[in-house]
Each structure stands twice: as C-alpha cells, then as structure tokens.
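Asker: test case, fold it:
(chains A and B)
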Amino acid sequence: MYLCLGSYLALCALAASVGCAPIMQDSQDNAENGHSLITKILNDIPAAHKSWINIASMSLDEVDKFQYLKEQLNFPAAPRLQLISDNFTLHDCLSRISEGLSLHKALLKVIRKKMTSASAEVNELLFDIRDLALLVQKMRTLAPAPAAGAPPVRVISENRLEEDLRPGLSSEYLVKLAAHLTLLQLRQFGQDVSRSFQSMQDGQTPTP
Amino acid sequence: MALCWNLVHAVLWTTACLFTADVRASSCAELHTPSVVVPFGSQVAASCYIKEECSLTKDQDFHVKLYYNNILIHSNKTSQDTRIYEILITNFTDTRAVLECHVCLSDYCKVVDALEIKASYPPPVPQNLTCILNLTKPITLLCKWDPGQKMLDIPTNYTLHIEFSGSERFIYVPAPGKHFYRVPRAGITFFNTMHVYVMAVNAYGNSTSETQELWPMKTAKLDAPQIQRVGTGKFGCLEHCWRLSQTQGWITRSLLVEIRLKPMDGKVLDREQVSSRKARPTSTIEVCGLLHGMIYQSSMRVRYDTGPWSEWSHPTKATTPMKAPTGRLVTWLKLLGPPVNKHYMAQLLWKPSLQFRANSMNLSYIVSYMRTPKKKESVCVTELQHCSFQLPVGVSKVSLSAMNTAGKSSSTEVAVYRRKELDPVRYLHVLPESEESVLIEWVSPSPLITGYVLEWKASWEAISDSISFEILDKNQTSLVVSGLEPYKPYEFSVYAKYKEGIGQSSTVMAYTKEKAPSVSPKLKFREFRPYIELSWDEIPLQEKNGFITGYKVFYWDEKNNTRVIDIEGTQTSVVLKDLHPFSMYEFLLMTSTNGGSLNGSIVTMQAPVIDSFEIVLFLVPACVGLILLFIGVFACFSKNECLKKFLWPMIPDPANSSIKKWTTTDSLLDIPTFKEVKEPVLVYLSHFSLLSSSESELWKVDKKLKSSKWTYDRCKADEGHTDSSHDSRTYNSGQMNESVPYATVVFAGPYRSQPVPPPAYLRSDSTQPLLGEEEPSSPLPFKMCPKVNVSEVDHFSTCEENLKTVQIKGSLLEDFPMLRSLETQN
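Answerer: Alright, predicted model coming up:
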C-alpha cells in the first residue's frame, strides 16, 4: 500500500552512503513544512470565509446543503487523493495535491474578481496556497520519477475556469455561494492533504 | 637633434595612442583622452595633435585652442613636439563634457576634432543585506542594508529585488533615504529559497549588492513557546507538554527546543541543566537525569533550524518523584564544657557528604544515642543541620540519620570524643585570598595529632545557624575557605584532634577584604568648661567592613586653624582642651579600617563660654547689690546716727547703767526677727546707753524709777503700771532744764567661737541733753519681752498678759548691780 513511499524512503536510505542522506532529510523537512503550510491554510479558511460571506445559511459546518446549486454552477471538483500504493504513487499523490491547489487558487482568484470588496484574509490564503504549491512542486522533483505512462499534472487555467464559471456567477448570491463552496471544498481537500503529509512524515499510510 | 626628438616623441605618442581607446580620427588633428568615461571628480588629461598633413596649417602660422564645454582652456605645447597641445582638467565634475580642438589662423578658428567625455560615479555597492521574517500579523520580511561609503552626496535610489521559484519576482522601492524595507506577505514564501538583492542607482550609474539566498523561516524569531503541563512519570524525569503561540500554531514541523530546568533548592543550584532536542509542537518532551523529590522550574525556548532563539517561556514548576535519602553525613560533635549532673552539653553539626542524596526537598534529621543496648533515645528531630542536646557521660556513640516522607537513610555513627585540655594548634592565622575566600594556616602542636576540625562562622549572625566546618586529616595544616562575603567578619576556629580527645580551640577573626566603614559614628558633645568631650558610639559589626584601626578628629575654627587628634580604634571619646572660648569650631570624625577611611558629617560647635543668660544671671544681681550697698553707705554717711546704729548698736552696761529709754528700733536692729528664728535665742547686745550718776543719785534714781515705769508702755492690761505718758512728761520736764551725764557700755557677744572681750565702759562728760521723747508719730517703744513666742512679738505695741510674769531672777541680777538697781517692781 505504501510501497511507493517506502521504496522512496528505502531508496534514499540505501543511497545515504553515497550522498542521498541530505535528500532524505530534505524530503522529511519538506513533508513537515508542507504539513505546516496546509495547517496554516486550514487555519486561515474560517477567517477568509468570514471576510467574504455574510450569509448565515452558508456555514462551513454545512457540507452537502448546496450540492444541487454546485452542480448547476458547473463547479469543478477537487482531485481525489488516495492511499499511496502501487497504483497511486507518491508522485501521483504530489501531482494531485498540486492540481488541487492550482484549482482552488484559480477558483479563489476568479471569485475575488467578482467580489465587491477586497479581503486581506483571502489574499493571505492565496499566498499560503501559492507557497504550498511551490513546495509541492519542489517535492515532486525530489520524488522518484513517475512510471511511464503516468498522466501529467493537469494545470488549471484561470481564464478557462473564469469562462466556465461566468454563466453561473450571475448574481452576488451565487458569487458568494461559489466562494463558500470553494472554501468548503478547499477545507476538505486540505484535510486530505494534511493526512497525506502526515503519512509522509511518519512513513504511515494516509487515511483520506 | 630636434628632428630626432620629434621622431622619438612621435613614436611614443603613437604607442600611447595604441593603448588608448578613444582617439578620434581626423584628417587634420587627433584629440584624445585616456578614457571617454572617467570617474566623477577625477583628473582628466586631454591632448590635441595637429597632423603634419593638416591642410589648414600647411605653410600657415596657426595656433591651437582647446575648449571644454565651449569654454576655452589654456593649453600647453609639449616640449617634445610643438604640434601637440595638452590640457589638464583637474576636477571633472560634469555628467558629460565636450572637448573641442580648434585650429586658428589669425582670429579665424575651425574645429578640427572633438570628443565627448562622460563622468562615471556609480553609487557604492550596498552591503550587509539582511532580512528577518516577522510572523506576527501582518507577516512581513524586514530587509536592511548598508548603503556603503559615499564619497559624494549624490542622490541615490534603492530598489529591493526578490525572486523565488524562478517565476515570482518582486521589486520594492523604499522611501528616499531609507535603507530598509518591509516586504509584504506577497513577496514572502515560507519554505522556499528566496533570492534577495538591492540595487542602488544614481545619475552616474548603478550598483548591485550581492544576492542573498534566504530561507525566510530560518530568519524568523518565533514567539516564546508555552509549557502547557509538566508531568511526572519515571523517577528523575519530567514530561513537558508544550505548544507554540496561537498565531504560530500552524507551524507543526520539528523545531529545536531547549528546556532549562532549575532546581528550586538553593543548595543545588549548580544542578541546573539545559536539555536540547528536536521536537514537534504539541508533543511531549521528557527530560530525565533529575534529582529525586526536587522542585524544578522549567522554561523552554525554540528556534527554526539555524534561526534565532525565541525568548524563554514563562517558567513552570514541577516536582520529580521522591525517594528516601541515601548516603552518609559528615559530622562534628563538640562537648561544651565539663559534665554537669553526669551529662555533657553536646553540639552536633553535620553536612551532606559528596555521596549523600537528599532525594527530596524537605529533609529532617534524627539524632539519637543508645542509652542501653536495647534502648535508643532520640534527642533531636530537626530540619536544621545542627543540634544541641545533653549527652550522658557514659554514651560513646551518637547516631544521625536523614529522613523524608519517602523513607529514612541509614544511620551515621558519631563517636563521642571527650574534650580534654590538650594543646591547641599554634600560629593560627588567616590570609585573604580573594574577595570571597581566605587561606587559613596553622602549625601542628604535636605529632600525636590525628586530625583537625576547622570551624568558621559569620560573626554577625546567630551562632549555630551559620557554623560551617571541615574535617581535615593530620597532614593538612591549611585550607582555603571560600564562599565568604567580602567586608564581613568571620571567626575561624581550629580544633586539634587527638586519640584521647579534642584539644583546645584556637580562634581568630578575619575579613576576606576590608573597606571603609559603611557609616560614620555620630559625634556627641559634652561640655566640661572650658573643655569639650567628644564621644561616639561604636559602629555596628555589620557596617564596620573591617577592623577599626583608629579614629581621627579634625577640628578647625573660623580662621581655618585645623587641628587633628589621632585616637586608637578601641577608644570612643576624646577631650579637647585647646579650644578658644567664644570661637565656633567645626568637627569631623574620620573612621579608618585597613580598607579605607570614612569621614562623618561636619558638626559645628561653639567653644564653651559664659553665655549672655549666664552674664545676666551673674552681673545683674552683682550690679544691683553694689548699687544697693552704695546707696546704703551713702545714706549711712549722710545720717551719722543711722550709721552709728548700724555699726555700733547701743548695748547698755547693765552693771553701770540705768536705762533711760529703750526703743524698739535700737533693739531690733541687732536682734534677728522672730519670724526668722523660730526658737528663742540668746541676744548679744553691742550698744547700751545708760544714764550715768553718782551712786547716791543712782539710788535716788533707783527709787524714783522704782516708783515709775521704766519704759513707755501702753499695755493697758498691766494695771500696776501708771500711764506712761505721764511718766514721760515728768521725765521730759527735768530733761529740758539740765544736762545729764551719761555713759556707754559696749558689750560684745561671742562670734564664731572667738573669745568675748570684756565690756568696755565709756563715761561721757557730754552735757548734751538726753534724747527726748520721740515724736508721737514715731513707733511706740518696745518693751523687752524675754521668752516670748513669735506670734506674740508680731504685735509691735501690745504685750500679752503673761508678760506680767516676767521676772529677772535675783541670782542673775546679783552679777549686775546696775540692772538690779533698775529692777522694777511689778
């Protein structure tokens, strides 16, 4: 199940005598730093939500309440993270994390354009996502090379996303709904990412 | 020769031109400078070479002018070649300048060559670029740099450049004149390498600092962590649960942690330990190797990798699990004096050995001895490290053990050495080593010595609480005692130990270091006219700061005549005898120790004199007395009679006189008033005037007098007496017609045991008539009233009835025939 992660760490341990120890140490540090950053993102979400959304029904505690409208908005779903296994390698995991971060960063930017007022909390959240995305990118370069035929990281274009969402964001309420759904989805995705990083630190299987 | 020089110069010039970059090609002339870009303010040399083939100058008389920014500059021909003209610009301060070489024929000039020179003065390279991440909201990265040494004050603009991950680039412009910038969150990435540099730009160029590779989190000073709980588990271990501050709670990665554990028992402060390790926030950190049963104060700090340490957290206290004390105690048992009622007074002192472990904070000690083999008697249970108790004479061992709530240590047996009059150590002396230590040395008195006990105590503290001791073997005759306080007196005693017992102690007092006393005694004055005694109290022991070696009293008068008296340190008073009365003196007491002297405050005092009040008190009564005396004398001389009465009171000769008249004024002048004398006193008459007559006449008179009153008396109660006025009239009638001889008898009473001279009898042949009856207004004659009470004589002119009973005893009158002749019949 965590053969990939194990093999990654084992490979580094094996190569320690020939200079891979720093790499292993870096990976461990990166996983810890990643966990710190996703923790910061999760901590910042309530403040960002509060700064953007003042509609009582849009609470972070309500998970499935707006499922219908979400479908109507053609709201893009976050990539699903899985347990790291032979079929879902560390590289795959990092790629999915990268895709998810890219998606939510784009969503927040598109919605920010529609919002009437600026939010320092959302900006802070965006910077955190940016930092984590950069870190994950670095981790991907350090991770073992993907198997042949592995799908490349899907880069979500902000313009494309804006075009897709524009018909749906026809009212201020819907913009706020999109913001609410984005933050809600980011929180769920962030929790999965946190578990993934935790497993990377401890050498345990993540439990998304 | 000139041709040769020209040739050489041409070769040199050509060579020089080859190495200069900026030589302008012109068909007629060539203008050149070493560089067209020159440092700002530098010296610039330029030359213009007029070519031989220049058509303008062929067969013409010409001269050359050089212009700098259209200003003519005086040029010189070089000595080697007359066709080369040179100028020197000593200070090139223009941004740019144009140099022109003109060939002039008469007044007509033509530019034959020109070039542009630019000044170059880039700002100094910014130095020491550093950035510190501030994680407190708003999160910023403060970057500072040093602008470098500027030669000229040229306005310079700085820009801070940040790049990371190859894609993110930010440029920040600090305020003019500022050499720092707070980079906002957008330009910061926490866990990536950032490239930071500063560019300085001015009118003459730009310069760039070295690019710094930053890992922002490594520059962040984290907030002090919070110890949430300190728990106990294993023996000698404490578990610390901790976390970062709330705003930094998102940092979940491992951090370097330092935990400082400070034992709260002052005796083991040296057991403070600092433990470093890597730990994640919210984890539990266990620190072991601690003392058992000890309260520890824990505090911790953190840092990210090589970043700066945070501040220490607030301390938290916790106690490690307790164990029973272990190890032995070092003891010193003293028997104080000979036994009384078969008991010694004993004092036991102890201290932990190096192996002793209290294993708890609260330790108590039990002192006991075996009265009988089966009966153990406890004499002390104390938390102190000494105990005084009565020890039966027969007991040879005392046992001591330490105890806490977890258990009791094994007993330490203490042998009882009888104290005997054995030789003490010799030549005990103390040498200060430092401010807190002294070297104590002594000489062994006997080869039979088995060891020594050195005991010392702070002289200013209670005796038992401050006693320290050291057990030394027989070969050790010196010891450095440390941990002492400077300027405090200590008492050191050395006891010699023999097989037979403990010898006498040798004691010496010492200071580690001395200084001037902390306080100066207050001077007290006492007058011993015309001297002054100065005295003062001894300085308290804590404030002496050394042995008082002596005092000096300085005193000076208004004319600054200063005198000094040296006084030994043991004395506390001095009498000053050389003071001038009426002079004001200032006194100063200087107290000295071996470490210095301290002057007290100056006290002003006047030398003892009779003050004005005293003058008034003495002089006024004296003057008044003198004046009264003078008035009295004057009055007496003016009235001779008064003086006579005063100096020679009339005392009649009772034997040869007859009383003509007795007035109260005559008698009372010499008789103390009965007010003053409570008891009757013997009256000594000094003057008595009598009527002198022949014996026959005397008898006649005697008869005549027998038939009349001898004094004028108004006592109506005495019916035997006739009216005195009638008698007086009778007497006066006779007196008016004839002169009467009279005599004076002068008596003297004993005075201060001096012998009484015989009475002088003076007969007067004066024919002056006897004094007549006094004026009616004069005080009435006083009748002599012997043996009367004070109250009775208070009434001037009355006599009590009992006066009738007064009689002159016949026996007394036998010696005084005249008085007897004057005897009146009642």
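Asker: list the residues that contact residue 165.
Answerer: Since you didn't name a chain, this refers to chain A. A:Leu73, A:Asn74, A:Phe75, A:Leu107, A:Val110, A:Ala178 (C-beta atoms under 8 Å, 6 or more residues apart in numbering or on different chains). No exception for glycine: its C-beta is placed from N, CA and C like everyone else's.
Asker: the chain in question should be chain B.
Answerer: So B:Ser165 contacts A:Leu134, A:Gln137, B:Thr189, B:Asn192 (C-beta under 8 Å, 6+ apart).
Asker: of these, which is the nearest to B:Glu543?
Answerer: B:Thr189 (65.6 Å; C-beta to C-beta).
Asker: my guess is that closest one meets B:Glu168, correct?
Answerer: Yes - using C-beta atoms under 8 Å, B:Thr189 is in contact with B:Glu168, at 7.3 Å.
Asker: spit out the residues that contact these two alike.
Answerer: In contact with both B:Thr189 and B:Glu168: A:Arg130, using C-beta under 8 Å, 6+ apart.
Asker: who's more crowded, those two?
Answerer: Neighbours were counted for B:Thr189 and for B:Glu168 using other C-beta atoms under 10 Å in any protein chain shown; B:Thr189 has more, 26 against 16.
Asker: for chain A, see how far away the more buried one is.
Answerer: According to C-beta to the nearest C-beta, to the nearest Å, B:Thr189 stands 5 Å off from chain A.
Asker: mind listing what that residue touches?
Answerer: Counted by C-beta under 8 Å, 6+ apart, B:Thr189 has contacts A:Arg130, A:Asp131, A:Leu134, B:Phe164, B:Ser165, B:Glu168, B:Pro216.
Asker: what about those residues, which are in helices?
Answerer: When the contacts of B:Thr189 are checked against helices (DSSP state H), the matches are A:Arg130, A:Asp131, A:Leu134, B:Pro216.
Asker: for whatever residue of the stretch 251-400 of chain B ends up closest to chain A, the count of nearby residues, please.
Answerer: Shortest the stretch 251-400 of chain B-to-chain A distance, computed as C-beta to the nearest C-beta: residue-wise this is B:Arg253, at 3.5 Å. Using other C-beta under 10 Å, B:Arg253 has 25 neighbouring residues.
Asker: list the contacts of it.
Answerer: Residues near B:Arg253 by C-beta under 8 Å, 6+ apart: A:Asp29, A:Glu32, A:Asn33, A:His35, A:Ser36, B:Arg280, B:Tyr304.
Asker: same question, B:Val274
Answerer: So B:Val274 contacts B:Glu258, B:Ile259, B:Arg260, B:Leu261 (C-beta under 8 Å, 6+ apart).
Asker: the third one belongs to a strand?
Answerer: Yes - using DSSP: H, G, I helix; E, B strand; the rest coil, the secondary structure at B:Arg260 is a strand.
Asker: give me the pLDDT for it.
Answerer: According to the prediction, B:Arg260 has pLDDT 94.
Asker: distance check, it against B:Phe191.
Answerer: According to C-beta to C-beta, to the nearest Å, B:Arg260 and B:Phe191 sit 29 Å apart.
Asker: likewise for the first one?
Answerer: Between B:Glu258 and B:Phe191 the computed distance is 23 Å (C-beta to C-beta).
Asker: on that earlier part again, now render the contacts of A:Leu165 as JSON lines, adding pLDDT.
Answerer: Below are the contacts of A:Leu165 laid out as JSON lines (pLDDT from 0 to 100):
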{"residue": "A:Leu73", "pLDDT": "81"}
{"residue": "A:Asn74", "pLDDT": "81"}
{"residue": "A:Phe75", "pLDDT": "86"}
{"residue": "A:Leu107", "pLDDT": "92"}
{"residue": "A:Val110", "pLDDT": "91"}
{"residue": "A:Ala178", "pLDDT": "91"}
